[in-house]
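**Student:** no sequence on this one, just coordinates:
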């Protein structure tokens, strides 16, 4: 419950503005031993400007801030492509056990066998689930996992002596933005592949583009339309025949866990997003974890470290022979990996299959409940998510998807992903996930239908929405044009 | 639900999947109930060395006294279970706290612009090198020893992809006109405080940038690198957010001079106002926060983005922010100086022991080299046998002071009893040698 009233400009006063000189939240012990002179003054600073608040004031400020947030624990959060499902609390509990939370990253292997064995078993489980048995848990997030995978392909091409001519990566036009961005970061040029009328890759374009200049094709399965990529196993054959690699964006693993494996479909390397499929909390934008899994032939290129149980029974962190190197100073987001391990162990194979089954059932339920009221550019059974289009509402009533999303906030829901994938006009990408009960999906559909009806009756209400949120629509244009990016003493004096 | 959808069972919804690949054999251990899961992970926790035994490892990860209030507030589920604040109207908690974070990082580093945080210090430093190469249009970057070997490795990983050459230098004079930047760690990998200002002057004269990899806790007393002339500052925030977790979740600080704003990687939060006054429109539009300058980012710019980064470490950034704001200006300075005093006191006591020396390379903050009466590996083993975690073995490093030495870290969070135990153990080992 928000403690501030509608007239109160809560956001206008930062912690820095709320401080009172001399006030403090914690005490620091004083040094009563023999004093060592400080370094010369040119190496030192004046004090850092920080707020001066009592502990109670600091707690109230951040508690009020938390009340201005919406999480999965607040309600349905059907953000497509992000797999916002409920996060089991026991996973947080076990990850914070002091024995697991306290080890130093440079501790010798013998002193961290509990952690290393846990990581080894997680890696083994991910290898089983993906059918790609060689795994590095190092990447901190999906995008870093993508970078690892593409750099592994670079190394493999280098060893084949073909890196100089294979300079292109093919990416579908429905791909996550991280795919082309990653390919570019790894020094490749990107060729976009259009999506066919069935929602899958346009086969003719793929066949035409596949030649000796192609290093890899990056494909998301299921794709961002929530659809199965038809004939992906045949496309894999074409890609391999052309001497290129098939990279998998595993962001949508939630739809197929326990039912089909990337390795069996012909993928060479894939990254997963454990904060999505394995339900570790999203944290307002991380930390996540983006393990990379590959065929045994590519294992020698995996990022360092790889967790291996050695012949003496000790689990160790190792550096693969031709590793692309490290991605972080240490070993990855271990605290997240422990949560993902707990999730996997709590479910087992039948549990994971139940997850994908329910996730797909829920998305299809939403599809049929809403189907008469919103356009479905790819009108067929879906997997984990369904992509509607707001074109009808725009054409008939001048209401944009943006307005529909904002109005959904007034109904108590987090809006879906909007304007993605880019190939769907006025896209509304909805992923209910398996943890929403049927009543919640029905309520979401009812709200969306009510908004569709309201669009005809009272479009102005949609244009101004949300009306009941902690704050109204914000001026994003001015924010970008005249950026104010940090606190300053005179911040409140300006326009 | 099945009837409404028009299928007979859930499996029918997977009809598009290729039959030949469907339902493979997957070997996973059986499901566990919650009590069994807690038992299992409890056993794993017990399989690690005791969490409360004396341990003097630093070398990139340091234990600090984190105010309890940081963990308490960060655990609020509205923060924990939200995602990237795409919908600012119901994400002001994440957005306004990220603005607080950017403000704190700017104050610490002495620079004008911070993003909302990257993965860790090393990947943030790699991104800094990529930014430097973009703005200087040069194709090589340099790193100055002594620097964390993990940072060198990660910069190498990213640089190979971008086609950049990486030179690791023993002296700043080796930085040449073809280097986009020189990366300097503060304090350096062996604990010494670096005078950044002369380095910045020389680099700028050559048209290169200074990237400082600074420990944010040490910046509680050390000069802000931005004031000393650094163009980009990176750092590791994990140690001010919570326990080490075997290295992660980590938090990569990234701040830069504002002229590089549109070249920055990662998310940035900006302050703005409502488009319209609330309610009946009688009042003033209220202040709010949004993700901004997104035209740099992968989901809009795709292959022309400044970086591929998307999800990073938002929750760790929140904990980091609250720790620093709970300490406040005086608390942070006092904690940094307490750390300095305790470390120097411990070093002095060790140097006073027969057979031990603590070779210095100039003023230092909280890490120091210890050379004992026995070879470094033997000294480490002897400490371990006494239940004490020794400092990192740096005996093979090229710096003359490091030869044969272990690198010990003592901070304000090191219990005095642990230092006493260390002194006693070193003394015994010395007597036996």
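**Tutor:** Nice, thanks for sending it over. If you're wondering where the values come from, they're calculated on a predicted model, not measured in any experiment.
**Student:** tell me the confidence at residue A:483?
**Tutor:** We have a pLDDT of 96 for residue A:483.
**Student:** next, it: secondary structure please.
**Tutor:** Under the three-state scheme (DSSP: H, G, I helix; E, B strand; the rest coil), residue A:483 adopts coil.
**Student:** and residue A:60, by the same measure?
**Tutor:** Taking three-state DSSP, the label given to residue A:60 is helix.
**Student:** mind jotting down where the strands sit in the stretch 101-250 of chain B?
**Tutor:** B:113-114, B:140-144, B:165-169, B:179-186, B:209-214, B:232-236 (DSSP state E, counting those that start in this stretch).
**Student:** of all those, which lies closest to chain A?
**Tutor:** Chain A sits nearest to strand B:113-114 of all those, at 5.8 Å, using C-beta to the nearest C-beta. From N, CA and C alone the C-beta is placed, and that goes for glycine too.
**Student:** circling back: go through the strands of the stretch 101-250 of chain B and name the closest to residue B:314.
**Tutor:** strand B:113-114 (13.4 Å; C-beta to C-beta).
**Student:** that closest one near chain A anywhere?
**Tutor:** Yes: applying C-beta under 8 Å from any C-beta of the partner chain, one finds strand B:113-114 in contact with chain A at B:113, B:114.
**Student:** any idea of the mean pLDDT for that strand?
**Tutor:** 98.
**Student:** same thing with stretch B:53-63?
**Tutor:** 96.
**Student:** in that stretch, what counts as buried?
**Tutor:** B:54, B:55, B:56, B:57, B:58, B:59, B:60, B:61, B:62, B:63 (16 or more other C-beta atoms under 10 Å in any protein chain shown).
**Student:** which of these come close to chain A?
**Tutor:** B:55, B:57, B:59, B:60, B:61.
**Student:** which of the residues you listed sit farthest apart?
**Tutor:** B:55 and B:60 (14.1 Å).
**Student:** related to what we said a few turns ago, what about the ones next to chain A among the buried residues of stretch B:53-63, which are in strands?
**Tutor:** Nothing among those maps onto strands, per DSSP state E.
**Student:** just the pLDDT at residue B:279, thanks.
**Tutor:** For residue B:279, pLDDT reads 69.
**Student:** re earlier: and of the strands of the stretch 101-250 of chain B, who's closest to residue B:48?
**Tutor:** Going by C-beta to C-beta, the one of the strands of the stretch 101-250 of chain B nearest residue B:48 is strand B:232-236, 21.8 Å.
**Student:** so which bits of that closest one are buried?
**Tutor:** B:232, B:233, B:234, B:235, B:236.
**Student:** contacting residues for residue A:333?
**Tutor:** Contact partners of residue A:333, counting by C-beta atoms under 8 Å, 6 or more residues apart in numbering or on different chains, are A:140, A:287, A:288, A:289, B:248, B:249, B:250, B:313.
**Student:** quick one, phi psi at it?
**Tutor:** With angles defined as degrees, to the nearest 10, residue A:333 sits at phi -80, psi 70.
**Student:** can you list the contacts of residue A:333 in a markdown table and add distance to residue A:331 and pLDDT?
**Tutor:** Formatted as a markdown table, the contacts of residue A:333 follow (distance: C-beta to C-beta, whole Å; pLDDT from 0 to 100):
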| residue | distance to residue A:331 | pLDDT |
| --- | --- | --- |
| A:140 | 10 | 97 |
| A:287 | 13 | 97 |
| A:288 | 15 | 97 |
| A:289 | 11 | 97 |
| B:248 | 7 | 93 |
| B:249 | 11 | 97 |
| B:250 | 10 | 98 |
| B:313 | 15 | 96 |
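**Student:** nearest to residue B:146 among those?
**Tutor:** residue B:250 (20.7 Å).
**Student:** for residue B:402, give me its contacts.
**Tutor:** B:146, B:190, B:359, B:369, B:394, B:395.
**Student:** tell me the pLDDT of the closest residue to it other than its chain neighbours.
**Tutor:** Spatially, and ignoring its direct neighbours in sequence, residue B:402 is nearest to residue B:394 (4.6 Å; C-beta to C-beta, 6 or more residues apart in numbering or on different chains). On pLDDT, residue B:394 comes in at 98.
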